[in-house]
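Participant: Based on what follows, work out the 3D shape:
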Amino acid sequence: MKTIIKIGLSLFIFSLALVGCLSLPAGNMEPGATTDKAQQVSDHFDGTRYFNPDTQQSSPSVPGQGLGRSRSKWMWHLVSSTGWPKWPNAEDSSPGPAPDAGVPEDTIRVIPVGHATFLIQMDGLNILTDPIWSDRSSPLSWVGPKRHKKPGIRFEDLPPIDVVLISHDHYDHLDLPTLKRLAKKGTPRSIVPLGCLNLVRGTGIPRVDEFDWWQSTPLSQDVTVTLVPAQHFSQRTFWDRNKTLWGGYVISGPSGNVYFAGDTGYGPHFEEIACRFSPIKVAILPIAPFQPQQSKEPRHNSLHMEPMEAVQAHIDLNAQVSIAGHFQVFQLGPDGFDDAVNELSAALKEQNLKSDVFVALEPGHLLEQTTDLARMRNTSSARASSVEQKAFR
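Facilitator: I've put the predicted structure just below:
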């Protein structure tokens, strides 16, 4: 009986971790602590909670509400995974080689670590997005979504990181253990959306700045970062739904504009970002989780993009090249392991776009964008396959 109770409790915590409803904040810092900035009048803040101004599902009860499930049914679905295809066990793959300390002038280099973690090297800076090196996306180390692909860069091989960009407070994007490791490694600064300051400051990173949509700050003499809108939500506890903001980032420097979308559904914000920051040299766009075509459930989900929507976002942004994120690392929805990559390939063909304009890179591979040319190459000589073959296997 005790074993059954323990299993039941573990599954319950597992479900809560998946929907972002449990938190173990560092020290006395409370997630979503109110700051003076959070009191500002905004078209996406009602004085208590943030919301998506351009969608009817501005305050969803659960991440999968757009899939037509009630809260209890969705949570049970997360626990039982009934109808979810089985993903393979974690791959026994070697990470890529240690990245260079920096890149030449007029060069943008992006290396996916996995999920929403990317190393962006440009204009003398090393920038890390939504870093998670933990084995699980969870407040607990022994239960919750487990990695199916190892990080593409060993943590020990990271070059000195100048700034960490956090898109929102979900556990697969704001991982406290990884942020604490970065603080000990000497990372000096993090940028976060409104309400996340105290949570990230509690990790030991010396400087944490929080911003609203469209607010900018310099990262160096030549480089500026701007928090831009996303269509999503936030939550780490039972009581803090949408108490903190969510967003993406545009990094602007002499080598061009790089857009990191974070986690987002499809919406009009892509066209507005393009209007303000054209041309966008590199866009990093999520392509999962989503409802596969073979499912009997409706496909619409306003909180995450399916691959077809991601391709449309690429078109809206008029990006020179896009890199897929948020796939094949943590199983957070009913799509199969290869579904997102396969549907991305199909969507590109349907839009008559070449496969190299929107790529799904393996962790540890890189995309390098120079002034005149975007080129992708494998970072490991031991992996002879081309990036395109890896992306659309």
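Participant: mind listing what the residue lying closest to residue 232 once chain neighbours are set aside touches?
Facilitator: Nearest in space to residue 232, with sequence neighbours left out and distances taken as CB to CB, 6 or more residues apart in numbering, is residue 246 at 4.5 Å. Placement of C-beta: from N, CA and C, glycine included. Neighbour list for residue 246: 50, 167, 168, 169, 193, 230, 232, 233, 234, 262, 263, 264 [criterion: CB atoms under 8 Å, 6 or more residues apart in numbering].
Participant: could you redo the last one with a cut-off of 7 Å?
Facilitator: Residues in contact with residue 246 (CB atoms under 7 Å, 6 or more residues apart in numbering) are 167, 168, 193, 230, 232, 233, 234, 262.
Participant: mind checking how far residue 184 is from residue 158?
Facilitator: Separation of residue 184 from residue 158 (CB to CB, to the nearest Å): 12 Å.
Participant: okay, the two: which has more neighbours?
Facilitator: residue 158 (21 against 11; other CB atoms under 10 Å).
Participant: Please tell me how far the more buried one sits from residue 213.
Facilitator: 29 Å.
Participant: would you list every one of the helices in the protein?
Facilitator: 2-19, 71-80, 176-185, 197-201, 269-277, 307-317, 339-350, 387-391 (DSSP state H).
Participant: Which of those has the lowest mean pLDDT?
Facilitator: Ranked on mean pLDDT, the bottom entry among the helices of the chain is helix 387-391, at a mean of 32.
Participant: Now do the contacts for the residue nearest to residue 320 when sequence neighbours are not counted.
Facilitator: With CB to CB, 6+ apart as the criterion, residue 320 has its nearest non-adjacent residue at 5.1 Å, and that residue is residue 281. Residue 281 is in contact with 108, 256, 257, 258, 320, 369, counting by CB under 7 Å, 6+ apart.
Participant: Out of these, who's the most crowded?
Facilitator: residue 258 leads the contacts of residue 281 on contacts (other CB under 10 Å) with 29 neighbours.
Participant: residues contacting residue 91?
Facilitator: Contacts of residue 91 (CB under 7 Å, 6+ apart): 149, 150.
Participant: how about stretch 349-363: buried residues?
Facilitator: 356, 357, 358, 359, 360, 361, 362, 363 (16 or more other CB atoms under 10 Å).
Participant: now do stretch 47-54
Facilitator: 49, 50, 51, 52, 53, 54.
Participant: List just the nearest of those residues to residue 291.
Facilitator: residue 52 (19.4 Å; CB to CB).
Participant: Does the closest one touch residue 230 like I think?
Facilitator: No - Residue 52 is beyond contact range of residue 230, at 8.4 Å (criterion: CB atoms under 7 Å).
Participant: hmm, back to that, so which two of the buried residues of stretch 349-363 are the farthest from each other?
Facilitator: So, those by CB to CB: farthest apart are 357 and 363, at 20.6 Å.
Participant: Surely residue 209 is in contact with residue 191?
Facilitator: Yes - look at residue 209 against residue 191 with CB under 7 Å: they come within range, at 5.5 Å.
Participant: Now do the shared contacts for these two.
Facilitator: residue 217.
Participant: of those two, who's got more company?
Facilitator: residue 191 (24 against 16).
Participant: Provide the partner residues of that one in its beta bridges.
Facilitator: residue 165, residue 209 (DSSP bridges).
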